[in-house]
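A.B. asks: coordinates for the following, if possible.
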Amino acid sequence: MTETDNYPARWWHVLDDGRIQCDLCPRDCRLHEGQRGACFVRMREDDAMVLTTYGRSSGFCIDPIEKKPLNQFYPGSSVLSFGTAGCNLACKFCQNWDISKSRDMDRLMDQASPEAIARAAAEAGCRSVAFTYNDPVIFAEYAMDVADACHARGIQTVAVTAGYMHDQARREFFAKMDAANVDLKAFTDDFYFKLTGSHLQPVLDTLVYLKHETSVWFEITTLLIPGHNDSDAEITAMSQWIMKQLGPDVPLHFSAFHPDHKMPDVPATPPSTLVRARDIAMKEGLQYVYTGNVRHEAGDTTYCPDCRAPLIVRDWYQIRRYRLTPEGHCPDCGAAVAGRFGERAEDFGRKRIPVAIAGGDRF
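C.D. replies: Sure, this is the predicted structure:
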């Protein structure tokens, strides 16, 4: 495969009227020759569906795993992160809109094969590779091939995703993932429809699937936007749903919005809103509730679910104190902490290190 070739896509079928329907996500884009889907990166070419961003990235960086955010997946470890361009949602509040809404394929200058990415992660000492910055659902074929190359080297894989997928694609995609952070953007379909151009139920279906039909470790993030999804009633309803459908052990991150993209006039989320949301979720029984994009020690800390001793004390992405046993138990009462642990890695801290990856034996 050359640098300019497109990659054969999965999950599509031909309709009776001759159009091709993409079966990756619930948008069900129906395309004539040469047309692109709503995500912009999946296109009909020569009577087939192709992925136009395979092997092409908007950049590679080494991040702390807590930045994904994943607080209970090998805390303190480093993760090689990358994304491509495009998105299958249309969030008016997107915090990475310059990447996710990009229509400029020439921006994707960093090119690397799955093996080259896995090799770079191994050489950098990263425990995992994350598909992030834009939603990996839309470049699933590339992410899945990278995951295979990573697993061959003992490297884990992480999907940072909105979880907006059809069932068959969901099953094939997450079969390749070790961990995920899923954006649960709100808990009303009205919010999803008006502010993201999508619907809530497929995201809930993804969360239930991950919990009950996979071994993928996952955490949830909700970006709280003042006046849109931050009411006590909505946060309570969401927390109750998580307790009932997923259980108390799934970590929940409440993150602060800042004015961006198509919502520049909405004020930034005050820290007090995140603290209030965290209190509500914990009162509903959730054991691990965090606050993001603000400095809040209690909201950064992982506590024992039984004796409530502070076990991993963080300052932003920096781990200040780490008391878990390698098996993930509290040293005080012996209670198990949900997550993926092991011998503690060197604390990677707050660093963000750009990485250039040579393509190698690319395609």
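A.B. asks: quick check: Asp315 touching Arg295?
C.D. replies: Yes - contact status for Asp315 versus Arg295: in contact at 7.4 Å, counting by CB atoms under 8 Å. Every C-beta, even on glycine, is put in place using the N, C-alpha and C of the backbone.
A.B. asks: if you count what's nearby, which of these two comes out ahead?
C.D. replies: For Asp315 and Arg295, the more surrounded residue by other CB atoms under 10 Å is Asp315, and the numbers stand at 14 against 10.
A.B. asks: pLDDT below threshold where in the stretch 1-150 of the chain?
C.D. replies: Per-residue confidence for the stretch 1-150 of the chain (pLDDT under 70) gives these ranges: 1-4, 96-109.
A.B. asks: show me the strands in it, by range?
C.D. replies: The residue ranges that make up the strands of the stretch 1-150 of the chain, judged by DSSP state E, counting those that start in this stretch, are 7-8, 12-14, 20-22, 30-31, 42-45, 48-51, 56-57, 59-64, 78-83, 110-111, 128-131.
A.B. asks: what about stretch 253-262, start to end distance?
C.D. replies: Taking CA to CA, to the nearest Å as the measure, stretch 253-262 stretches 23 Å from start to finish.
A.B. asks: buried stuff in it?
C.D. replies: When neighbours are counted by 16 or more other CB atoms under 10 Å, the buried residues of stretch 253-262 are found to be His253, Phe254, Ser255, Ala256, Phe257, Asp260.
A.B. asks: just send those residues back as JSON lines, with distance to Pro64, secondary structure and pLDDT too.
C.D. replies: JSON lines is the format used below for those (distance: CB to CB, whole Å; DSSP: H, G, I helix; E, B strand; the rest coil; pLDDT from 0 to 100):
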{"residue": "His253", "distance to Pro64": "14", "secondary structure": "strand", "pLDDT": "98"}
{"residue": "Phe254", "distance to Pro64": "19", "secondary structure": "strand", "pLDDT": "98"}
{"residue": "Ser255", "distance to Pro64": "16", "secondary structure": "strand", "pLDDT": "97"}
{"residue": "Ala256", "distance to Pro64": "18", "secondary structure": "strand", "pLDDT": "96"}
{"residue": "Phe257", "distance to Pro64": "22", "secondary structure": "coil", "pLDDT": "94"}
{"residue": "Asp260", "distance to Pro64": "23", "secondary structure": "coil", "pLDDT": "77"}
